[in-house]
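[1] What follows is a predicted protein model with its sequence.
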Amino acid sequence: MLDREEWLPLARKLDWDYSYVREEEVFPEVISGRPWLPHSEWKDWEESFKTSYREYVDNQYEKDMAVQAVHDAVGRIENVQKLALPWLNSLKVHAAALPLAEFTGVIGNLRGARFGRDSAWRTMATFGALDEYRHTQIPLLLFHPLLRLDSQFDWAHKFYHTNNWFAVAARHFVDELILGQNAIEFHIATNVVFETGFTNLQFVGLASLARESSDHMFERMVTSIQTDEARHAQVGHPVLAMVMKHDPQYAQYLVDKWFWRNWRMFSILTGLSIDYLTAPDQRPYSFKEFMEEWIIDQFLRTLDEFGLEKPWYWNLLLDELEIYHHMIYASAYSYRATLWFNFVVPGPTERKWLRQKYPKYWDDMDAVWEQISERWRTVGPGPENELAVHGTALPTFCDLCQLPLSAGTPRKNAARVLVHDGRKYIFCSKPCEWIFLREPERYANHTNVVKRVLSGEAPTQLPNLLMEYFNLTPETWGTDVHHGDYEWLRARKIPAA
Amino acid sequence: MPIPLYGFLQGDTVGLLILTEETETLQTLARKLQDAASLRVAGRNLVQVVFNDKIIDPAKTVAQAGLQALDRFDVIPG
């Protein structure tokens, strides 16, 4: 029997020459990706984590046992009931967004495990697929039983199977990023940008937030997932290096496109959790500070490492750090019944903190919260008044990212109308329009929620849209956590922020 | 036949779908958008409608202003 050091290189590097079929047929460009290169170019493909199946299983077993132990110790409903209500709603966001997106990761990695261009790549992608099974099962195991506590946790299973507007946007994102993607674009977009650039670090940040919020179950879950991400994310780096060598413009395009698309989703998932759904005294940093320290700096180092340029929209992105997720949160709050989790109005303490952290545009956002607060004050608190403090006209959505047209600033919304092949499209921002124009055949036929309403596919009236199309019920749709009953709101005047 | 337009009120955080008619004036259109956004933005009496980067006479109708389905218009303080 071979020892590990002899066996591992043999098992990892198991490529051969084909005698009865051409290499282009075994690895067609449409599914393996471009640039298409003969295996002789890929044969030196290497990554830093070299593991055997036995080692993999042993490690994962230990990690699963650690998650189980924490679940047994602090994952009971009575433990979760002790968490602050806003944080509980951050959990509902992640409970819905994570599990089935991770499951698409199984499929994306299995595509790499078959159509990756070197056997070592395919071996690592196989482990990646197994990782993603864990990442599907763990959140389902931890979150779905919380349905007994709160019916909104049903969305852990339900979310991606609905036509809820955020599910439409999330599906549009993961379908392109992972589910229907060729192996090269998948591994660059998912491993380099999504995992190394965003989730890996997001999980570090989320674990820290969870710890501050005394949510040790969530902390353990994201830490356990993050250790897998750190390993299989390495698949993408040698793939990017090869594309950079043969087609640097294409490599730059993929990185630019996917950084923007990731930014859109993560600014909502992480931005809202940090800056609104965590109590101010439990926020170790603002979302902007987190992005600057953990995402922006790291991403720039990665670009430098590969000889890539900053994306052309870099200054715009830095400006969006100041405002985009605030625009989204205020919009989502005023359409909270369209979502499956609950919201809070930032009170004077939160607004003072937000002004400190986001001085550039906060005056404009403060005016919006003042107006919403005034509406609550006028109608009075109570669940019966929820819909009196709620939007009535249909909000609008981007034809690329499918998210609300909430980019730019309150003074100047950045939405752009484009006529392409005789059809009219609207984009939340210049980068979304740019991505559409680079590959219109990929995006042109997808309809956003507004166009579904206008075509008669989705109901026109908001209550029908919520119940028949977004799969919500009055019991599960989002409300204000306190139904407008805030101590600070009872006072005659809101203290100046 | 109602005409769907993307309306953006200055001060607001999201664009809204506004259904209008060819014969409706821009003044009425602006009022509709302000009403739809009133949860987030306080109403104003004096506003202007901007289409294709130009301020349009509020007495004009939607048809006269050249607004067509799925166009963007903005409402800004007057």
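    Now that the structure is in, tell me what you want to look at.

[2] Just give the closest residue to residue A:468, not the sequence neighbours.
    Nearest non-adjacent residue to residue A:468, counting by Cβ to Cβ, 6 or more residues apart in numbering or on different chains: residue A:459, 5.4 Å away. C-beta: built from backbone N, CA, C; applies to glycine.

[3] quick one: buried residues of stretch A:135-149?
    A:135, A:136, A:138, A:139, A:140, A:141, A:142, A:143, A:144, A:145, A:146, A:147 (16 or more other Cβ atoms under 10 Å in any protein chain shown).

[4] what does stretch A:317-335 give?
    Result for stretch A:317-335 [16+ other Cβ under 10 Å]: buried residues A:317, A:319-335.

[5] hang on, the earlier thing: which SSE is the residue nearest to residue A:468 in?
    For residue A:459, there is no helix or strand it lies in under DSSP states H and E.

[6] hang on, it packs against residue A:469?
    Yes - with contact defined as Cβ atoms under 8 Å, residue A:459 counts as touching residue A:469 (5.9 Å).

[7] the more surrounded of these two?
    residue A:469 (19 against 16; other Cβ atoms under 10 Å in any protein chain shown).

[8] before we move on, the earlier item: any figure for the gap between the residue nearest to residue A:468 and residue B:17?
    14 Å (Cβ to Cβ, to the nearest Å).

[9] need the buried residues of stretch A:135-149 in TSV with distance to chain B, pLDDT and secondary structure, can you?
    Converted to TSV, the buried residues of stretch A:135-149 look like this (distance: Cβ to the nearest Cβ, whole Å; pLDDT from 0 to 100; DSSP: H, G, I helix; E, B strand; the rest coil):
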residue	distance to chain B	pLDDT	secondary structure
A:135	32	93	helix
A:136	32	95	helix
A:138	34	92	helix
A:139	30	92	helix
A:140	32	93	helix
A:141	36	91	helix
A:142	33	90	helix
A:143	29	90	helix
A:144	32	88	helix
A:145	35	88	helix
A:146	30	92	helix
A:147	31	92	helix
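
[10] CA atoms only: put stretch A:21-40 into PDB for me.
    Extracted in PDB, the C-alpha atoms of stretch A:21-40 (Å, rounded to 0.1, in the frame of the first residue of the first chain):
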ATOM      1  CA  VAL A  21     -12.400  11.000 -28.900                       C
ATOM      2  CA  ARG A  22     -11.000  14.500 -29.300                       C
ATOM      3  CA  GLU A  23     -10.200  16.600 -26.300                       C
ATOM      4  CA  GLU A  24     -12.500  19.300 -27.500                       C
ATOM      5  CA  GLU A  25     -15.400  16.800 -27.300                       C
ATOM      6  CA  VAL A  26     -14.500  15.700 -23.800                       C
ATOM      7  CA  PHE A  27     -14.300  19.300 -22.700                       C
ATOM      8  CA  PRO A  28     -16.500  21.400 -25.000                       C
ATOM      9  CA  GLU A  29     -15.900  25.100 -24.700                       C
ATOM     10  CA  VAL A  30     -19.600  25.800 -24.100                       C
ATOM     11  CA  ILE A  31     -19.400  24.000 -20.700                       C
ATOM     12  CA  SER A  32     -15.700  23.900 -19.900                       C
ATOM     13  CA  GLY A  33     -15.400  27.600 -20.600                       C
ATOM     14  CA  ARG A  34     -13.000  29.900 -22.500                       C
ATOM     15  CA  PRO A  35     -10.300  30.400 -23.500                       C
ATOM     16  CA  TRP A  36     -10.300  26.800 -24.700                       C
ATOM     17  CA  LEU A  37      -6.700  25.500 -24.300                       C
ATOM     18  CA  PRO A  38      -5.300  22.000 -24.800                       C
ATOM     19  CA  HIS A  39      -4.500  20.100 -21.600                       C
ATOM     20  CA  SER A  40      -0.800  20.600 -22.100                       C
END
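
[11] quick one: average pLDDT of the lengthiest helix in chain B?
    Ranked by residue count, the top helix of chain B under DSSP state H comes out as helix B:26-36. Per-residue pLDDT over helix B:26-36 has a mean of 97.

[12] Any regions of the stretch 151-300 of chain A where pLDDT drops low?
    A:200-201 (pLDDT under 70).

[13] Could you check which residue of it lies nearest chain B?
    residue A:165 (11.7 Å; Cβ to the nearest Cβ).

[14] If you tally nearby residues, what's the number for the closest residue to that residue other than its chain neighbours?
    Once flanking residues are discounted, residue A:165 sits nearest to residue A:449: 4.8 Å by Cβ to Cβ, 6+ apart. Using other Cβ under 10 Å, residue A:449 has 26 other residues around it.

[15] what's the spacing between residue A:449 and residue A:166?
    When residue A:449 is compared with residue A:166 (using Cβ to Cβ), they lie 10 Å apart.

[16] still on that earlier bit, how about the residue of the stretch 151-300 of chain A closest to chain B, phi and psi?
    With angles defined as degrees, to the nearest 10, residue A:165 sits at phi -60, psi -40.

[17] ok, how many other residues are close to it?
    26.

[18] so who does it touch?
    Counting by Cβ atoms under 8 Å, 6 or more residues apart in numbering or on different chains, residue A:165 touches A:338, A:397, A:402, A:404, A:449, A:470.

[19] any idea which of the residues you listed is the one closest to chain B?
    residue A:404 (5.0 Å).

[20] which residue ranges form the strands in chain B?
    Secondary structure of chain B, counting by DSSP state E: strands at B:3-9, B:16-20, B:47-51, B:54-56, B:72-77.

[21] May I see the buried residues of the helix ranked longest in chain A?
    Identified as the longest helix of chain A according to DSSP H is helix A:248-275. For helix A:248-275, burial by neighbour count (16+ other Cβ under 10 Å) applies to A:250-275.

[22] same question, stretch A:429-436
    A:429, A:431, A:432, A:433, A:434, A:435, A:436.

[23] can you tell me the residue of the stretch 1-150 of chain A closest to chain B?
    residue A:93 (18.7 Å).

[24] Count the neighbours of that residue for me.
    21.

[25] now do residue B:23
    Neighbours of residue B:23 (other Cβ under 10 Å): 10.

[26] Can you name the residues that contact the closest residue to it other than its chain neighbours?
    Spatial nearest neighbour of residue B:23, excluding adjacent residues (Cβ to Cβ, 6+ apart): residue B:61 at 5.4 Å. Residue B:61 sits next to B:22, B:23, B:24, B:25, B:26 when contact means Cβ under 8 Å, 6+ apart.

[27] after the longest helix of chain A, next one along is what?
    helix A:287-290.

[28] I'd like to know which of the contacts of residue A:165 is nearest to residue A:491.
    Nearest to residue A:491 among these, counting by Cβ to Cβ, is residue A:338 at 30.4 Å.

[29] For the closest one, the count of nearby residues, please.
    22.

[30] Please tell me how far it sits from residue A:453.
    From residue A:338 to residue A:453 the distance is 12 Å (Cβ to Cβ).

[31] Show me the common contact partners of the two, please.
    Between them, residue A:338 and residue A:453 share the contacting residues residue A:465, judged by Cβ under 8 Å, 6+ apart.

[32] Nearest to chain A, out of the contacts of residue B:61: which one, please.
    The closest of the contacts of residue B:61 to chain A turns out to be residue B:24 (Cβ to the nearest Cβ; 15.4 Å).

[33] doesn't residue A:234 make contact with residue A:48?
    Yes - with contact defined as Cβ under 8 Å, residue A:48 and residue A:234 form a contacting pair (5.5 Å).
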